[in-house]
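A.B. asks: When you get a sec, could you give me coordinates for this:
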Amino acid sequence: MVALITESDKEALSVHVHSEGGGATHFIPGCIEGAERITGGKERRNVLAHLHFVTNEDIRRMAETGSEPAVPPLWAPKFPGMYENEIKYVGPELAGQSYPIKSFCDTGENEVFHSDYPIFPMMNVPYSIYMALDCKFNGQNNNGRKGFLCCQR
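C.D. replies: From the prediction side, this is the model:
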């Protein structure tokens with residue numbers, strides 16, 4: 001990956017990586033850091049998309065490399081039923097590291113929203129923006145915070 005990112009940088013191209021899972025999210029900033037040591041620059045705005053299971057260290061490293069976090073706001077709230085199932089599979093600590101919209105916003109990074117193909121009946125742009133702004137599901141604020149980009153598990 002370091003070689004790929006290095007070559008992309010030489011061609012003035014940014015990379016867009018789907019970073020699904022903690023291992024990938026920890027690995028990719030290291031590759032970007034390695035490429036920056038080779039090319040000597042931070043001119044590219046590389047994108048890491050999805051960002052399911054992200055640690056505070058990963059958020060810091062992404063900010064240091066100027067990487068753009070691309071998060072899906074629709075998945076950030078603790079959906080009743082879905083969140084409990086996620087906890088059963090990965091545990092509460094890891095489930096709580098999913099899609100940290102507010103933590104990215106707090107670093108001052110340029111955060112972008114995304115969604116893939118509409119595989120979920122509620123997957124639509126206006127609803128996703130609503131979830132990012134109000135963090136509400138069925139009218140209930142799931143985390144006690146209000147305001148712009150408050151979604152954080």
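A.B. asks: Grab the longest helix from the chain for me.
C.D. replies: helix 22-39 (DSSP state H).
A.B. asks: quick one, what contacts Gly108?
C.D. replies: Ala63 (Cβ atoms under 8 Å, 6 or more residues apart in numbering). In short, each C-beta sits where N, CA and C put it, glycine included.
A.B. asks: Am I right that it is in a helix?
C.D. replies: No. Looking at Gly108 with DSSP: H, G, I helix; E, B strand; the rest coil, it is coil, so not inside a helix.
A.B. asks: and it, what are its phi and psi?
C.D. replies: The phi/psi pair for Gly108 (degrees, to the nearest 10) reads phi 90, psi 0.
A.B. asks: cool, the one 5 residues further on as well?
C.D. replies: The phi and psi values for Phe113, taken as degrees, to the nearest 10, are phi -100, psi 150.
A.B. asks: ok, and the closest non-adjacent residue to it?
C.D. replies: The shortest distance from Phe113 to any non-neighbouring residue, by Cβ to Cβ, 6 or more residues apart in numbering, is to Pro73 (5.2 Å).
A.B. asks: How about Leu94?
C.D. replies: Nearest one to Leu94, counting by Cβ to Cβ, 6+ apart, is Phe53 at 5.5 Å.
A.B. asks: now that neighbour: how far from Cys105?
C.D. replies: Separation of Phe53 from Cys105 (Cβ to Cβ, to the nearest Å): 18 Å.
A.B. asks: so what does the host helix or strand of Ser8 touch, helix or strand wise?
C.D. replies: Per DSSP states H and E, Ser8 falls inside helix 2-10. Counting contacts by 3 or more Cβ pairs under 8 Å, 6 or more residues apart in numbering; DSSP states H and E, helix 2-10 packs against helix 22-39.
A.B. asks: pLDDT below threshold where in this protein?
C.D. replies: 116-124, 131-153 (pLDDT under 70).
A.B. asks: Perfect, I'm done here.
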